[in-house]
Every structure is written in C-alpha cells, then in structure tokens.
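J.: Using only what follows, build the 3D model:
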Amino acid sequence: MRTPGAAPPAVTLGPRRIRALRPPRPALDPWRPQGFEVEEERTLDGRRVPALTVFLTGAECPFTCVFCDLWRFTLDGPTPPGALPAQLDRVLARVGPQGPGARIKLYNASNFFEPRAVPPADLTAIASRVRPFERVVVECHPRLVGEACLELAASLEGRLEVAMGLETVHPEAVARLGKAMTVADFDRSAARLRDAGVAIRVFVLVGAPYQPVAEAVEWAVSSAEHAVAAGVETVSLIPVRSGNGALDRLAAAGLWRAPGLAELEAAVDGAMARVGGRAVVAADLWDVERLAACPECAGARIERLRRLALDGGPVAAVVCGRCAGGDAP
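T.: Numbers count the residues shown, from 1 in each chain. Sure, this is the predicted structure:
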C-alpha cells in the first residue's frame, strides 16, 4: 500500500457545517420512487445479464459525509411503513419480467438495514417482490450490516449482494470524510458477509477530499485493490462531484479539486490492471458528461468506459488531437 502523501491542511467540516452549506432539499413524495433504469451488467464469470436499478425514496442516511449529495433524494423524516413496497410495485408494473439471470438493485440513497430508512416490517414484502431475480443488491454503511442483513439473505430465493462504501483507504482522508468508520470496520463487515455467503460490491471514490489531489488515481486504485482482497466481487469507481455545498467550500479553499474524465479513465484502467481478473470493475457514469472538458472526444471516451465495464477486457484508449486525453478545454 502507498505511504500517504502530504494531506491538505486540517480543515475538517463537521456535520452541522456540512448541512448548513447544503442547497435546499426538494420536497419528495414517499410513495413514488425517484426513478429506475434497465441496463446490462457483466458478472464475475463473464456473462451479461439484465440489471434493473430502482431508485427508492426514503429517509436520509444518519451519517453526514462531506462528499455526499444523495441527501437530495431522501425524505426529511422516516420512511413511512409500506411506502417502499408500493414504490417497487410501481416500477415492476412498468418494466415487466426481466430475462434469465436478471439482477435488481434497490438503491435508497441511504442504508437498507437502518430501520428509519427501511422499516423492518417491510422486508418480507420487499423480499416477495424481488423473488424472480437471481441477485438482489442493496446498499448499506459497513457499520449497519448486522442480523437484519443475514435474515434478508436467508429469505431470498436469489443471492443477496450488499454494496458498501469504502471510499478510500487513505488513512487521513477516511478519518475526515464524516463517514464515522475505519478501513477495519469495512474489513470486518466484508468478512461477515463473505462468511454468510453474501456477495459484496464496493463504492470507491475517485478524487476523495482530504487526500493529495495529485494522488487521486493511485489512491482510488489502491482502495479498489484493498476491497478485492477483502472479498469484493464488483468495484464501482465514483468520481466525486461538486455541488453539495461542502465540497464547493473545500474547493474554494484550495483543499479539493473535482476529478476530470481523464482521471476517472486512469482509475478504471489501473484498477482493471490490478484486480480485473478477480472482480468486475466499472465506472459510475451518472452525470459523467460534466467531467469532460473536451467536446470532441467526450462521447467516445465515455463509450469506452461503458465498454470496459461490459467487456472486462482491454479497450483501446481514445486519441484526441485537441486535448490529448487530458481534459484540457
């Protein structure tokens, strides 16, 4: 593992300050999901299977991370009992049956095993609705993975997969993100899930705050490598994006810089080179267009990232005479 470089000055934003810097939260209907998407995912054994992602509306995460913008898609209060099954019903009625090996990802912008976000009484109803799927993916903070998770896994006909945020293994950064966890917390939860036969995917940040900006790619790759050593099957590399107030404050102080498309590409290439034979590596492409400064090559480079995720093998880099792949405007 890399020796940490010089971290930015010790300006740490606490939960109250992070919340005070946020833009207004939109009012959301707890009985309607945020949306859904149907795409393909590559499995660890090389298959391509349908993957339905349902963006559920529920309570906000109890942790206040400096990099997070998911609070915009949550309620200002607990999730009402019965709301999540009702949201699922809306989506499943629209998309209809999926093909063989299909997966469903239930992303609630929070923690699936936190009672305020997912009422425990709703877990049985949710399990009944996802019965046709080969794999059910939910997201949760490592410290909230407990007995409820194992009980859900036992109730499913398909296999449960838990997506957890490791974010970064840079020791100074992980301690200052507001996530209230350590790398050891992640490792313990990963071991518990692995021992129970629950699959694991991980979220790793590209351009995490509080780590040296010049080392963004290397720390993302090292974090992916650590996660896979802990038993992770799928690595999702997420470029940190501005706009949540706190990151803009850090950027204005010279303590953080948003990554560009070139850094995201380099992180994916680096992670695939180190762990590609042991895990699926993919870039999170939500709103990825905002990372590209060069209009001539942006589309081709984003398409390359999609192909890397689906093919799992080398895809030739895009050569651009205007920016030389460096995101220069």
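
J.: and the residue nearest to P30 when sequence neighbours are not counted, what is it in contact with?
T.: Distances taken as CB to CB, 6 or more residues apart in numbering put A83 closest to P30, at 4.6 Å, once the chain neighbours are dropped. To be clear about C-beta, it is placed using only N, CA and C from the backbone, and glycine gets the same treatment. By CB atoms under 8 Å, 6 or more residues apart in numbering, the residues touching A83 are 30-31, 57-58, 122.

J.: tell me the secondary structure for the most centrally placed residue in the chain?
T.: Closest residue to the average C-alpha location of the chain: F203 at 4.1 Å, with CA atoms, centre = their mean. Following DSSP: H, G, I helix; E, B strand; the rest coil, we place F203 in the strand state.

J.: ok, the closest residue to it other than its chain neighbours to E41 distance?
T.: Distance criterion CB to CB, 6+ apart; nearest residue to F203, sequence neighbours excluded, is G165 at 4.3 Å. To E41, G165 is 19 Å away according to CB to CB, to the nearest Å.

J.: And for L144?
T.: 25 Å.

J.: Please pick the buried ones from the contacts of A83.
T.: Neighbour-count burial (16 or more other CB atoms under 10 Å) applied to these gives 30, 57-58, 122.

J.: among those, which two are most distant?
T.: By the measure CB to CB, T57 and D122 form the most distant pair in the buried ones among the contacts of A83, at 13.3 Å.

J.: re earlier: for the residue nearest to P30, give me the pLDDT.
T.: On pLDDT, A83 comes in at 98.

J.: again, but for V288
T.: Residue-level confidence at V288 comes out at 94, pLDDT.

J.: what's near enough to touch it?
T.: V288 neighbours (CB under 8 Å, 6+ apart): 239, 261, 264, 302, 305.

J.: circling back to that earlier point, would you mind giving the buried ones among the contacts of A83 as TSV with secondary structure and pLDDT added?
T.: Converted to TSV, the buried ones among the contacts of A83 look like this (DSSP: H, G, I helix; E, B strand; the rest coil; pLDDT from 0 to 100):
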residue	secondary structure	pLDDT
P30	coil	98
T57	coil	98
G58	strand	98
D122	helix	98
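
J.: Would you reformat those residues as CSV and include distance to K105?
T.: Formatted as CSV, the buried ones among the contacts of A83 follow (distance: CB to CB, whole Å):
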residue, distance to K105
P30, 20
T57, 15
G58, 15
D122, 17
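
J.: closest to A273 among these?
T.: G58 (37.4 Å).

J.: Going along the chain, name the strands of the chain.
T.: Residue ranges of the strands in the chain, as given by DSSP state E, are 35-42, 48-55, 58-59, 74-75, 103-107, 135-139, 159-167, 199-206, 234-239, 280-283.

J.: just the helices in the stretch 1-150 of the chain please.
T.: For the stretch 1-150 of the chain, helices defined by DSSP state H, counting those that start in this stretch occupy the ranges 15-20, 83-95, 123-129, 147-155.

J.: and of the ones you listed, who's closest to A317?
T.: Taking CB to CB, helix 83-95 is the member of the helices of the stretch 1-150 of the chain nearest to A317, at 35.1 Å.

J.: Specify the angle between that closest one and strand 103-107 in degrees.
T.: Counting by axes from the mean of the first three to the mean of the last three CA atoms, to 10 degrees, helix 83-95 lies at 140 degrees to strand 103-107.

J.: low-confidence ranges in the stretch 101-250 of the chain?
T.: For the stretch 101-250 of the chain, no stretch has pLDDT under 70.

J.: Quick check, the residue nearest to the centre of the chain in contact with P239.
T.: No. Checked against CB atoms under 8 Å, the pair F203 and P239 is beyond contact range at 11.4 Å.

J.: and for these two, which residues touch both?
T.: Common neighbours of F203 and P239 (criterion: CB under 8 Å, 6+ apart): D284.

J.: which of the residues in stretch 282-302 are buried?
T.: Residues of stretch 282-302 classed as buried: 282-285, 288, 291-292, 294, 297-298, 301-302 (neighbour count, 16+ other CB under 10 Å).

J.: ok, now stretch 240-255?
T.: For stretch 240-255, burial by neighbour count (16+ other CB under 10 Å) applies to 240-242, 244-247, 249-250, 255.
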